[in-house]
Structure formats: structure tokens, C-alpha cells
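Enquirer: I need the structure of the sequence given here:
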Amino acid sequence: MVAKVKTAKPLNVRARRKSLRLHGTIARDLGILIVSGRYKPGEVLNNEVAASDRLHVSRTAYREALRILAAKGLVESRPRTGTRVSDREKWHLLDPDVLSWIFEFEPDDELLYSLFELRKIFEPEAAALAAERRSDAQLKRMAAALEGMAKHTLAVEEGRIADQDFHAALLEASANPFITSLTTSVSAAVAWTTIFKQRNSPLRRDPVPDHQRVFDAIAAGDPEGAHAAMAHLVDMAFLDTTRSKGPKLKLARGSRGETVAG
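Expert: Numbering: from 1, shown residues only. Predicted structure coming up:
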């Protein structure tokens, strides 16, 4: 006699998917409250019983949400003391989710400047490496991304995706696995800063020519030119962002002494 194999009911699958969406939503909402400063470092979050009752969710969903936040360095749980908001030094600021939560509200000037400072440190170096190491396939990918940016503009999602693909292809062309591992973070930073600086009005200038100059230098095998072009691109992106905020941020020196415009 052949034993019957029991299969999971579709309802259970749907319930599981709903649960996954639920604790992800809770993590997002709590994450936004943390990175925006509503919950301060050191502040103790509600225990899971009180929090789940207040949010009208299961304790399991709330617990899973806290695990997500802990994995991103935003909270830490200790016996008897409960779950506390971590110091900002422990936050995984380059995590794509954390970056998206930061840009849900207006990030403070220091944090915004720090993000562009990081980009100014390593993206020009990555461009210089790409000029020496890029493959024909990577050049074609960057060229296609440029065409997409020009065709769609950064005002629409298709253009922003092309922008992210340009930067991703460039990092890949550096042929450095540690630089390439930052692709997801750089793509998130590019995406969210682009959306942020257009939140009130369209961009005042077209950034495609800046990208074209980076591409031309990489295609020509000119590392110094690629470094300079990418440093200028980051400077101008920073300038666009500060203009969208109103008051300008202070000037600072770049990784090779260049001025970061503000």
C-alpha cells in the first residue's frame, strides 16, 4: 500500500508569505524611527509583549523584526535589560535597507556629507583601476547604461536603474573583489541620493555628460583621466544634493586634495 504524501496547504504558504512581509514591514517602521532620531541610542524599546499588543501583531513577527534590526546593527538585545538602540557607530550604514530608511526623512548634513566623502575616497580610485583592467563586455555594459540614462533621464525609474548599472559595471571593471563587494551599497547610495535631490524639483543640470567623461577616460585606458572625471562627478552630485537642501554644506578636501563642492 502506497502511503499518501501530505502536502502543505496553499493557505499555509500564503500565511507564511504574509508573515514574512509583516515582520519586514515592522523592521522598516522601527528602523526609520531609529535612524531619524525618534528612538535615541541607548533607549530601550518596548518588550515584545507590549510592543506586539500596541502594533497588533504577533510576538513572533515582532521578534523577527528585531532580529532583522540587530543584524543591521541598529539594536542589541541583552538579558534583563531588553532591546536597546545601538550607538550609531555600530549601525551598518551601507546596508541598502538602512540607506533607504535614512532617506525616508531629511538626513542631517553631517551624515549626508559623510556619504559623499566615502564615495569621493574610493569611486575615483575604482574608476582608475577600471581604466586599466576593464573588459570589452564591461565597456559595452557601461555604454548601454549611458544610453539608458540619456534616453530616460534620472527623473524616471528606468533612467535611475541605468545610472545604477553604470556604477555597478564600473566597480566590476576594477577587478578588485573587495571593491566589487560594495556594488549593492553604492547602487543604493546612488539611487536614494538621486531620488532625494529631486524630491522638490527637477535637477537643474544634466549629469549624463559627467558620466560620459568617466566612460571616455576608462575606454581610452586613461587612469588619471578616469580618476579626475569620477572625482568631478561625485563633486557635482554632492553639489546637486546640497542645492536641494537649501543651505550649503562646508567645503572639504577630497582623497587627493580635490575640493568637494558644497
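
Enquirer: quick one, strands of this protein?
Expert: 75-78, 82-85, 252-253, 259-260 (DSSP state E).

Enquirer: list the buried residues of the second one.
Expert: When you say that, I think you mean strand 82-85. Of the residues in strand 82-85, Thr83, Arg84, Val85 count as buried by neighbour count, 16 or more other CB atoms under 10 Å. Bear in mind the C-beta positions are built from the backbone N, C-alpha and C, glycine included.

Enquirer: which strands and helices sit next to that strand?
Expert: strand 75-78 (3 or more CB pairs under 8 Å, 6 or more residues apart in numbering; DSSP states H and E).

Enquirer: the strand it packs on pairs with which strands?
Expert: Within its sheet, strand 75-78 is paired with strand 82-85 (antiparallel), according to DSSP bridges.

Enquirer: could you export the partner strand as CSV, CA atoms only?
Expert: What follows is strand 82-85, C-alpha atoms only, in CSV (Å, rounded to 0.1, in the frame of the first residue of the first chain):
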residue,chain,number,x,y,z
GLY,A,82,15.9,44.3,27.0
THR,A,83,16.5,45.6,23.5
ARG,A,84,18.3,48.9,23.2
VAL,A,85,19.0,51.1,20.2
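
Enquirer: just the mean pLDDT for it, thanks.
Expert: The pLDDT scores in strand 82-85 average 93.

Enquirer: ok, and what's touching that strand?
Expert: Identification of contacts with strand 82-85 by CB atoms under 8 Å, 6 or more residues apart in numbering yields 34, 39-45, 47, 66, 74-78.

Enquirer: one more pass at 10 Å, please.
Expert: Residues outside strand 82-85 that contact it (CB atoms under 10 Å, 6 or more residues apart in numbering) are 30, 33-35, 37-48, 51, 63, 66, 69-70, 74-78, 91.

Enquirer: among these, which ones are in helices?
Expert: Leu30, Leu33, Ile34, Val35, Glu48, Ala51, Arg63, Leu66, Leu69, Ala70 (DSSP state H).

Enquirer: measure the first one to Thr60 for me?
Expert: Just to be clear, that refers to Leu30. Distance from Leu30 to Thr60, counting by CB to CB, to the nearest Å: 16 Å.

Enquirer: looking at the two, which one has more neighbours?
Expert: Taking other CB atoms under 10 Å, Leu30 and Thr60 do not tie; Leu30 has more neighbours (25 against 13).

Enquirer: was I right to think that one contacts Glu43?
Expert: No - the pair Leu30 and Glu43 fails to qualify as a contact (CB atoms under 10 Å) at a distance of 11.7 Å.

Enquirer: and the helices in the stretch 51-200 of the chain?
Expert: 59-71, 96-102, 109-133, 136-152, 157-173, 177-180, 183-197 (DSSP state H, counting those that start in this stretch).

Enquirer: now distance to Ala131 too, for the buried residues of strand 82-85, in TSV please.
Expert: Formatted as TSV, those follow (distance: CB to CB, whole Å):
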residue	distance to Ala131
Thr83	48
Arg84	47
Val85	43
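
Enquirer: how about stretch 92-111: buried residues?
Expert: Quick answer for stretch 92-111 (16+ other CB under 10 Å): Leu93, Asp95, Pro96, Asp97, Val98, Leu99, Ser100, Trp101, Ile102, Phe103, Glu104, Pro107.
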